[in-house]
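K.L.:
The amino acid sequence is not available; the structure is as follows:
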C-alpha cells in the first residue's frame, strides 16, 4: 500500500501512454483529469493485488470509444459517481477498490480520478498490460470470466446495464451504444472478487508504468547525447524504425480510429520506409515491405527527441518518431491469447511471431 | 374483467393488424404466438383500465425492430420471463399486469402470450391507438413520462437496461442495440402506475380491435356483394384508393423497414395511380400526385376481396388492395402530438390536415 500524488501521476501517465501502444487515450488529457482530481480530493491509495481480500468487490473503470472523440468530449467528473452508484445498486455491494482495465494515456489516469473523487483505493493491476481496442481483449476473458453485468454512462446522463452471453457480444452492444452516444462513454465491466483479480489480472502494471515514466523523465531531463540507447535499455524495447511522418490515413468507423501512418526513414534509416497500421492501438509495423512486429506485442511510437509517446490520435505530418517494439504479457502468446488478440483477428494475414524472433530473423 | 380465449384472439389479431396501419408486425405470426400460449397456459384475463388499482405496477411489453426481420426471427417464449425478471428485480416490485404499447399484428398479440405464460392479466389499453415506428411516439411522452428504465432482451440471451435523459434518447440507444442484436428484440418500457395508465393510455384499444376484427370476419364469411360499403362503415374508414401493387421499394435501414408501394388503379380508380410511403407503418398516401392522408391518421391497406390487413412487410407485386384512412386518436392532433408524430417529423413536407378534411377537400 502506498500513496499516489501528483509527482507519481505525472510519471505513470507517461509510462502508461507508452504501454498504450498508440491507444488508451491522450496522456495530456488523462494527466489533467487525474491531477485535478488528486489536487481537489487528495492522494490515492494504491494497493498491491496481494493486499486485497479474496472476497473484496473490485471494479474496473475505463473510457470506451474512439480516442479522437474522447479527447474532444471532456469527461465530466459526475460520471464516476453515476457508474459507482449503478454498480453498487445493481450488485447490492459496496465497491472495495477500482482498477484500470488497460494501460494508456486516459485509461490509466481515469481510474485515479475516480478513486480520488470517490475516496476509494486503486489496485495495481489491469486486464491487458497494454491497451487493446475491444472489450473482450482482456486476460479475464482467457480466465473464462464475464464482462457483464457492465455499466455504461455518457456525459449527458444516459446509461445502460448490459448482460450478455459472451464478452464479444458485450463489445458489440456496448460499441453500438457508444456510437449512438457520440463516440465515447465511461464504463465499468468485469466486476470481480479479489480472488479473481489475483488469479487473472496483469499485476503491478501501474508500478511498471511509473518506473518507465520516471526513467523517461530522467533521460529527457539529462540533456545528454546517448539517450536513445538508454531509452531502449530502460523500456527493454526493440528499435524498429526511425522516421518522419509523411502520411496519416485515418477513419473513425464503429467508434474506432482506424488508420495507417507512413514514415520516411531518417538517420540510419535514410532511404528506407515504414508504415504502421492501427485500430485505436498500433497493430503491425512494416519496414521496407517486411512485417517487423505485430499484435499482441506492443508497437510504440515516441517523439525521436523527447521520447514522449505519440498516440494514434496525435499522429501528424512532419513529426519525427522512433518506433519501438515491446514484448507483450506472456499470456497473450498462448493459443487462447492469440485467438483473442493475434494478428489474424485484426485481419493481418500473418502468423504471430514473437518480436524478439522477428527482430533477430 | 373478462376472459380472452382463442376465438377472441383471432378477432383481436385481425382488428389490431388493421389498426397497425401497416406496422406492428405480421398478424399471422402474432396470432400463432398468442394462440399457442393460450392453448398451453389457458385464457387471459383482460382488465378495463378502471379495474386497475392506482398503485398497481403496470408493464408494457412489445417487440422492437424491423417487421421483416421480426417475422423471420421467431420469438422464443423465454423472453417474456427474462423481461419480467429484469423488470421485477430492477424495481423490486411484482408486475400487476402487462399492457401492449401499440396496436399491430405482433405487438397486440405478444402481450397476450406473455400474460398467458406468466399467469398475469392484461389491461385493455395501449400507448398509441395504432402503431408508430419509434419508441418515443406514445401518449405517455405527451404526458411527460419517461420510457426508462427500459428492459431489452434478444432471443440469444443478451439483455440491457437503459436509463436515458429523454425518450428520443431511449429510441436512439435501444435502436442501436436492436440492430446489433440482428434487427429485432423484445422490450418492456414505460413501466407505470395504474394511476398513470388511467391518465395517459389510449383506452379500450383491445376491445376496439376485437369489434373490428369480429365485424371483418362476419363480412368475409357473409359472401355478399356489398361488402366494401359495410367494411367502410364498420371501420369508419375513408376510402382513399383501390388498385394493384405494381412496385414495392423496400430498404431495411436502422432496424426500420423504409419504402414505398406503388398502385395502379382498378375499378372506379382505373387510369389513376397512387403510392404510399412507409417507415414500418404507412406514413402518407398520395393519389394522382395529391396527398390524401398522412400520419398521424391511419393509412391501412387491406386485401380488396377479403379485407385482410396487408402489413408493409407483406406487400407484394400483383396484390389487389383497398387503401383506407382512419381518424387517429384525438390527442395526436394536438400541437404536442403533431410535433411527435406529424408528417414533418417523418420528412413529409406538408402540414397535417385531418383526414376528414383532406377527403372532403
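P.N.:
Right, received. Where do you want to start? Note that the structure is predicted; figures quoted are calculated from it, not measured.
K.L.:
how about stretch A:39-51: buried residues?
P.N.:
A:43-49 (16 or more other CB atoms under 10 Å in any protein chain shown). The way it works is simple: take the backbone N, C-alpha and C, and place the C-beta from them, glycine included.
K.L.:
Also stretch A:83-93?
P.N.:
Buried residues in stretch A:83-93 (16+ other CB under 10 Å): A:83-84, A:86-87, A:90.
K.L.:
Contacts only, for the residue of the stretch 151-300 of chain A found nearest chain B.
P.N.:
Proximity of the stretch 151-300 of chain A to chain B (CB to the nearest CB) peaks at residue A:176, 3.8 Å away. Residue A:176 is in contact with B:176-177, B:179-180, counting by CB atoms under 8 Å, 6 or more residues apart in numbering or on different chains.
K.L.:
any idea how far it is from residue A:23?
P.N.:
20 Å (CB to CB, to the nearest Å).
K.L.:
ok, residue A:168 - contacts?
P.N.:
Applying CB under 8 Å, 6+ apart, the residues contacting residue A:168 are A:134, A:136.
K.L.:
what do you get if the cut-off is 7 Å, keeping everything else the same?
P.N.:
With contact set as CB atoms under 7 Å, 6 or more residues apart in numbering or on different chains, residue A:168 has these partners: residue A:136.
K.L.:
What values do phi and psi take at it?
P.N.:
Note on residue A:168: its backbone torsions stand at phi -70, psi -40 [degrees, to the nearest 10].
K.L.:
Secondary structure element for the closest residue to residue A:317 other than its chain neighbours, which one?
P.N.:
Among residues not flanking residue A:317 along the chain, residue A:245 sits closest, at 5.6 Å (CB to CB, 6 or more residues apart in numbering or on different chains). Using DSSP states H and E, residue A:245 sits within strand A:238-253.
K.L.:
in that strand, what counts as buried?
P.N.:
In strand A:238-253, counting by 16+ other CB under 10 Å, buried: A:238-245, A:252.
K.L.:
Dump those residues to CSV, plus pLDDT.
P.N.:
As requested, the buried residues of strand A:238-253 are arranged in CSV below (pLDDT from 0 to 100):
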residue, pLDDT
A:238, 97
A:239, 97
A:240, 97
A:241, 97
A:242, 97
A:243, 97
A:244, 97
A:245, 97
A:252, 82
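K.L.:
one step back: could you check how far the residue of the stretch 151-300 of chain A closest to chain B is from residue B:357?
P.N.:
From residue A:176 to residue B:357 the distance is 42 Å (CB to CB).
K.L.:
thought the residue nearest to residue A:317 was touching residue A:261?
P.N.:
Yes: between residue A:245 and residue A:261 there is a contact under CB atoms under 7 Å: 5.9 Å.
K.L.:
Can you pull the residues of the stretch 101-250 of chain A lying near chain B?
P.N.:
A:156-165, A:169, A:172-173, A:176-177, A:179-180 (CB under 7 Å from any CB of the partner chain).
K.L.:
Just the buried residues from those residues, in PyMOL please.
P.N.:
Here is the PyMOL command that selects the buried residues among those (16+ other CB under 10 Å):
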select buried, chain A and resi 158+159+160+161+162+163+164+169+172+173+176+177+179+180
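K.L.:
Which of the residues of the stretch 101-250 of chain A next to chain B fall within strands?
P.N.:
A:159-163 (DSSP state E).
K.L.:
I'd like a version of those in JSON lines, one that adds distance to residue B:221 and pLDDT as further columns.
P.N.:
What follows is these, written out as JSON lines (distance: CB to CB, whole Å; pLDDT from 0 to 100):
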{"residue": "A:159", "distance to residue B:221": "53", "pLDDT": "97"}
{"residue": "A:160", "distance to residue B:221": "49", "pLDDT": "97"}
{"residue": "A:161", "distance to residue B:221": "50", "pLDDT": "97"}
{"residue": "A:162", "distance to residue B:221": "50", "pLDDT": "97"}
{"residue": "A:163", "distance to residue B:221": "48", "pLDDT": "97"}
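K.L.:
and of the residues you listed, the nearest to residue A:346?
P.N.:
The closest of those to residue A:346 turns out to be residue A:162 (CB to CB; 23.8 Å).
K.L.:
Give me the spatial nearest neighbour of that closest one, chain neighbours excluded.
P.N.:
Here the residue nearest residue A:162, using CB to CB, 6+ apart, is residue A:150, at 4.6 Å.
K.L.:
mind checking how far the one you found is from residue A:83?
P.N.:
Taken as CB to CB, the span from residue A:150 to residue A:83 is 10 Å.
K.L.:
what is in contact with those two at once?
P.N.:
Joint contacts of residue A:150 and residue A:83 (CB under 7 Å, 6+ apart) are residue A:188.
K.L.:
Please identify the buried residues of whichever strand or helix holds residue A:210?
P.N.:
Element membership of residue A:210, judged by DSSP H and E, is helix A:205-222. Within helix A:205-222, the residues that count as buried by 16+ other CB under 10 Å are A:205-210, A:212-217, A:219-220.
K.L.:
And for stretch A:48-66?
P.N.:
A:48-49, A:52, A:56-66.
K.L.:
Looking at those residues, which are in strands?
P.N.:
Checking these against DSSP E, those in strands are A:57-65.
K.L.:
Columns pLDDT and distance to chain B on top of those residues, output as TSV?
P.N.:
TSV is the format used below for these (pLDDT from 0 to 100; distance: CB to the nearest CB, whole Å):
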residue	pLDDT	distance to chain B
A:57	98	19
A:58	98	22
A:59	98	18
A:60	98	19
A:61	96	18
A:62	94	18
A:63	91	18
A:64	90	14
A:65	84	13
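K.L.:
which of those lies closest to residue B:315?
P.N.:
Nearest member of those to residue B:315, counting by CB to CB, is residue A:65, at 39.5 Å.
K.L.:
I'd say that closest one and residue A:180 touch.
P.N.:
No: with contact defined as CB under 7 Å, residue A:65 does not reach residue A:180; the gap is 11.2 Å.
K.L.:
Can you pull the residues that touch both of residue A:245 and residue A:261?
P.N.:
In contact with both residue A:245 and residue A:261: residue A:315, using CB under 7 Å, 6+ apart.
K.L.:
Show the pLDDT at the residue of the stretch 151-300 of chain A closest to chain B.
P.N.:
Looking at residue A:176, its pLDDT is 95.
K.L.:
swap in residue A:184?
P.N.:
87.
K.L.:
The one 5 residues further on too?
P.N.:
At residue A:189, the model reports a pLDDT of 98.
K.L.:
So for it, what's the nearest residue that isn't a sequence neighbour?
P.N.:
residue A:150 is the one closest to residue A:189 (CB to CB, 6+ apart), at 3.8 Å.
K.L.:
Give me the pLDDT value at the one you found.
P.N.:
98.
K.L.:
For it, grab the count of nearby residues.
P.N.:
Neighbourhood size, residue A:150 [other CB atoms under 10 Å in any protein chain shown]: 27.
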